[in-house]
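1. Provided below are the primary sequence and the corresponding predicted coordinates.
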Amino acid sequence: MSLPTHLHYTEEHEWLEERDGTVRVGVTHYASEALGDIVYVQLPEVGEQITAGESCGELESTKSVSDLFAPATGEVVAVNESVVDDPSLVNADPFGDGWLLELRVSENGKLLTAEQYAELTSG
């Protein structure tokens, strides 16, 4: 799968998409493939403040449980209830319907371009 070039990425395999003063966050196809079939998603609450680099949720698969790390510092303004109800959306469409949350960012964490992320995951 090719990486969308308009997104920013993190070393923890999240993506960010800028959207009218907020960012939408999800996990990459690489992460969803590595996790296997995702069966449970735990996300922060709307209104919660999260801090870049710190755990803010969990993705549980048939293989393991993985922390979701905040890619930026800010306030959670929306969560995707569809993935809470149907976690398989993260596997089926990680860059689309499988998005996880939206943030009003006060400070970005360390972000990568699509090219930098591709280099990170090709090794």
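-> Great, that's in hand. Residues are numbered from 1 along each chain as shown.
2. okay, CA-based contacts and neighbour counts for the rest of this
-> OK.
3. roughly how far apart are the residue nearest to the spatial centre of the chain and Ser106?
-> Nearest residue to the geometric centre of the chain (CA atoms, centre = their mean): Gly26, 2.5 Å. According to CA to CA, to the nearest Å, Gly26 and Ser106 sit 18 Å apart.
4. same deal with Ala70?
-> With distances taken as CA to CA, Ala70 is found 12 Å from Ser106.
5. Of these two, which one has the most company?
-> Neighbour tally, Ala70 and Ser106, criterion other CA atoms under 10 Å: the higher count belongs to Ala70, 22 against 13.
6. how about the nearest residue to the more buried one, chain neighbours excluded?
-> Nearest non-adjacent residue to Ala70, counting by CA to CA, 6 or more residues apart in numbering: Ala52, 4.8 Å away.
7. Ala72 is in contact with that neighbour, correct?
-> Yes - Ala52 lies in contact with Ala72 (CA atoms under 8 Å); the separation is 4.2 Å.
8. Which residue of the two possesses the greater neighbour count?
-> Ala72 (24 against 18).
9. What helix or strand is Ala34 located in?
-> For Ala34, the element it lies in under DSSP states H and E is helix 29-35.
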